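Engineer: Let's see this in three dimensions:
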Amino acid sequence: MMRRDIGMPPLRPAANLTGALVHRLAEEIRSGRLSPGARLPTEQDLMREAGVSRTVVREAVAALRAEGLVFTRQGVGAFVTERPGEGIFRLTPSEAEGLQQVIQVLELRLALEVEAAGLAAERRSPAALALIGEAEAVFDAAVAAGGDAAEADFALHRAIFMATGNPHFLRFLEVLGRHAIPRRALGLVERSEAERKQYLAQVRGEHRLVAQAIEASDPEAARAAMRQHLEAARERYRRLAAQAAA
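Structural biologist: Predicted coordinates:
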């Protein structure tokens, strides 16, 4: 298939490259320059044209899909929908960037992810458990390499959503995208290496409790562990918000 170029200049450095790329592509679609049925440029082409990483491109495509602007075909690419813009839910960057907005998103996640964990424990398959285990291993490797493990964190929550067997849970997570892991969205960095390791070890322990409950097919324990995990995150950002207001 012929490569599709849309003449996109590189994005300037910004706090939210994903949001900028989503806006740029959405404008191409809504203006008709990318018509219904047209295939979006490939990941490599978008990376080259916009000057962004693969992660940014994938998050942008997921956001466009959640907005009802594109659909994807496994191994083929992303295509403009016949009736763009009929997404059922949308979270704009401005609605998830500040501390108070992050806390609101965590409250929304609490309402849904607690039940998702319970359903995952009831319905998990060997393949789903393998994906959760792989995500945990990637998280450990990212921490050991000195990173923030945000992408691995997102992958673990995605694996849990997949274990529910309900694709609508997964679509909800795609709407949130990087906002599901707020420490990266806010650009937060621990004050020291020891503090970073301590915090991520806490997160890792909370993840392990959720995964163990899912492995044990214990829905109530899975719900309780996920609630504990998300409430701990919410309390952390509440403390940060109080410090910022002081």
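
Engineer: next structured bit after the lowest-mean-pLDDT helix or strand in the chain?
Structural biologist: Confidence across the helices and strands of the chain bottoms out at helix 182-185, with a mean of 59, counting by mean pLDDT, DSSP states H and E. Beyond helix 182-185 on the C-terminal side, the first helix or strand identified by DSSP states H and E is helix 193-215.

Engineer: Following the chain past that following helix, name the next helix or strand.
Structural biologist: Under the assignment DSSP H and E, the closest C-terminal helix or strand after helix 193-215 is helix 219-245.

Engineer: Can you name every helix or strand that that next one contacts?
Structural biologist: For helix 219-245, the packing partners by 3 or more Cβ pairs under 8 Å, 6 or more residues apart in numbering; DSSP states H and E come out as helix 99-123, helix 193-215. Backbone N, C-alpha and C define where each C-beta goes, glycine included.

Engineer: which of these is buried the deepest?
Structural biologist: When you average the neighbours per residue for each of those (mean count of other Cβ atoms under 10 Å), helix 99-123 leads with a mean of 19.

Engineer: what angle separates that one from helix 193-215?
Structural biologist: Regarding helix 99-123 and helix 193-215, their directions subtend 30 degrees when assessed with axes from the mean of the first three to the mean of the last three Cα atoms, to 10 degrees.

Engineer: helices and strands around helix 99-123, which ones?
Structural biologist: Using 3+ Cβ pairs under 8 Å, 6+ apart, helix 99-123 sits against helix 150-163, helix 167-176, helix 182-185, helix 193-215, helix 219-245.

Engineer: re the thing from before, indicate which one of the helices and strands packed on helix 219-245 is closest to T42.
Structural biologist: Between T42 and the helices and strands packed on helix 219-245, the shortest gap by Cβ to Cβ is with helix 99-123, which sits at 30.7 Å.

Engineer: for the nearest residue to A38 once chain neighbours are set aside, what are its contacts?
Structural biologist: If you skip the residues right next to it in sequence, A38 has V80 as its closest partner in space, 4.9 Å away by Cβ to Cβ, 6 or more residues apart in numbering. Contacts were defined as Cβ atoms under 8 Å, 6 or more residues apart in numbering; by that measure V80 touches 29, 34-40, 69-70.

Engineer: In TSV: the helices and strands packed on helix 219-245, plus mean pLDDT.
Structural biologist: TSV is the format used below for those (pLDDT from 0 to 100):
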stretch	mean pLDDT
helix 99-123	90
helix 193-215	91
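
Engineer: R58 versus the residue nearest to A38, what's the distance?
Structural biologist: According to Cβ to Cβ, to the nearest Å, V80 stands 17 Å off from R58.

Engineer: Helix or strand for A135, just tell me which one.
Structural biologist: In this structure, A135 is located in helix 126-144 according to DSSP H and E.

Engineer: Summarise which helices and strands that helix is packed against.
Structural biologist: Counting contacts by 3+ Cβ pairs under 8 Å, 6+ apart, helix 126-144 is packed against helix 150-163, helix 193-215.

Engineer: centre of the chain versus the first one, how much separation?
Structural biologist: I take that to be helix 150-163. In terms of Cα atoms, centre = their mean, to the nearest Å, the centre of helix 150-163 is set 8 Å apart from its chain centre.

Engineer: what angle sits between it and helix 99-123?
Structural biologist: 40 degrees.

Engineer: Same question for the longest one.
Structural biologist: Helix 193-215 and helix 99-123 are oriented at 30 degrees to each other (the same axes, to 10 degrees).

Engineer: Check what contacts helix 193-215 and list those residues.
Structural biologist: 117, 120-121, 124, 129, 132-133, 136, 139-140, 143, 146, 148-149, 153, 156, 160, 163, 189-190, 219, 221-222, 224-226, 228-229, 232.

Engineer: Any idea how far stretch 69-81 is from the middle of the chain?
Structural biologist: Going by Cα atoms, centre = their mean, where stretch 69-81 is centred and where its chain is centred differ by 18 Å.
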